[in-house]
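A.B. asks: okay, sequence plus prediction incoming.
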Amino acid sequence: MEFKLFYHFGRYLLMLKGMFSRPENFRMYWKEFMHQCVEIGIGSLGIVVIISLFLGAVTTVQTAYQLVSGFIPKSVIAQVVRDTIIIELAPTMVCIVLGGVVGSKIASELGNMRISEQIDAQEIMGINTKAYLILPKILAAMVTIPCLVVIAAFLGIFGGLEAGKLSGIISHDQFMEGLRASFDGYNVFFALSKAYTYSFIISSIPAYYGYNVTGGALEIGRASTTAVVVSCVLILFADYVLAAILL
């Protein structure tokens, strides 16, 4: 098991090393990068909006359920919701979902190209397939996923506000008072640090499994599943490491 882990880790590093070469045609790379930005960013916007709104709503309701003491002002609910969403829920939960959505797509796309020998054909034409197929996906993920995390944070707080108002838990003025109280801008830096780390994991791990798949359609499915599982585990591990280092 240990040797297999080091084997995959070594191949993964060699794949990353092979991406960095001078582009054969910069316009072609730019077109692929913009295409991946649309696929990864715009294509995932709908699920991010839905998840964020409900995460904020549920966090508000459950926080109000926990704070039953009359000595605690209701504005504290907004503070807890704000910090919980910015620090943990927006980057981590959204990226775990994106790990399934984006990760399986990247792994199956590259796996299908490998099985159908499209990658081999491009290599015969002199194209660095690691740079052309993998690098734009990783760069696009690292540009668009942090933007999705920022959108998720705003929508999560908005969902919490609306849930509090509709259920009668907290008024608009009380929520806004708590939202502005004791805000620490470092939390935003911490959330974006997570977002950039997770976006690299979400894009590079599935790309490795998809690019190196062998066999047929069954192996593509297995590679996609393995890529999503490994990505989610690494996201949770990175969550702990970043929290231990930066907090």
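C.D. replies: Cool, the structure landed. Source: prediction; values computed, not measured.

A.B. asks: next one: the residue nearest to the spatial centre of the chain from Leu192, what distance?
C.D. replies: Residue closest to the mean C-alpha point of the chain, counted by CA atoms, centre = their mean, is Cys95 at 2.9 Å. Cys95 is 12 Å from Leu192, where distance means CB to CB, to the nearest Å. In short, each C-beta sits where N, CA and C put it, glycine included.

A.B. asks: mutual contacts of these two, please.
C.D. replies: Val149 (CB atoms under 8 Å, 6 or more residues apart in numbering).

A.B. asks: now do the SS call for Ile169.
C.D. replies: Secondary structure state of Ile169, per DSSP: H, G, I helix; E, B strand; the rest coil, is coil.

A.B. asks: not counting sequence-adjacent ones, nearest residue to it?
C.D. replies: Ala64 (4.4 Å; CB to CB, 6 or more residues apart in numbering).

A.B. asks: so the one you found makes contact with Gln174?
C.D. replies: No. Between Ala64 and Gln174 there is no contact under CB atoms under 8 Å: 11.1 Å.

A.B. asks: so what sits against both of the two?
C.D. replies: With CB under 8 Å, 6+ apart, Ala64 and Gln174 have common neighbours Lys74, Ile77.

A.B. asks: which stretches of the protein have low pLDDT?
C.D. replies: 1-3, 23-24, 68-70 (pLDDT under 70).

A.B. asks: can you point me to the longest helix in this structure?
C.D. replies: Taking DSSP state H as the criterion, the chain has its longest helix at helix 135-166.

A.B. asks: just the C-alphas of the helix or strand that it is followed by, formatted as CSV.
C.D. replies: Remark: after helix 135-166, the chain's next helix or strand is helix 172-180, criterion DSSP states H and E. Extracted C-alpha coordinates of helix 172-180, given in CSV (Å, rounded to 0.1, in the frame of the first residue of the first chain):
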residue,chain,number,x,y,z
HIS,A,172,-33.6,42.6,9.7
ASP,A,173,-32.1,45.3,11.9
GLN,A,174,-30.9,42.8,14.5
PHE,A,175,-29.3,40.7,11.8
MET,A,176,-27.5,43.6,10.2
GLU,A,177,-26.3,44.8,13.6
GLY,A,178,-24.7,41.4,14.3
LEU,A,179,-23.4,41.2,10.8
ARG,A,180,-21.3,44.4,11.2
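
A.B. asks: what's helix 172-180 packed up against?
C.D. replies: helix 75-84, helix 135-166 (3 or more CB pairs under 8 Å, 6 or more residues apart in numbering; DSSP states H and E).

A.B. asks: report the buried residues of that helix.
C.D. replies: Across helix 172-180, burial judged by 16 or more other CB atoms under 10 Å covers Gln174, Phe175, Glu177, Gly178, Leu179.

A.B. asks: likewise stretch 159-176?
C.D. replies: The neighbour-count check on stretch 159-176 (16+ other CB under 10 Å) flags Gly159, Gly160, Leu161, Glu162, Ala163, Gly164, Ile169, Ile170, Gln174, Phe175 as buried.

A.B. asks: what is the end-to-end distance of that stretch?
C.D. replies: End-to-end distance of stretch 159-176 (CA to CA, to the nearest Å): 13 Å.

A.B. asks: what's it in contact with?
C.D. replies: 52-61, 64, 73-75, 77-78, 81, 85, 178-179.

A.B. asks: which among those residues count as buried?
C.D. replies: Neighbour-count burial (16+ other CB under 10 Å) applied to the contacts of stretch 159-176 gives 52-53, 55-61, 64, 74-75, 77-78, 81, 85, 178-179.

A.B. asks: picking up where we left off before, right, and out of the buried residues of stretch 159-176, which lies closest to Ser224?
C.D. replies: Taking CB to CB as the measure, Ser224 lies nearest Gly159 of the buried residues of stretch 159-176, at 30.7 Å.
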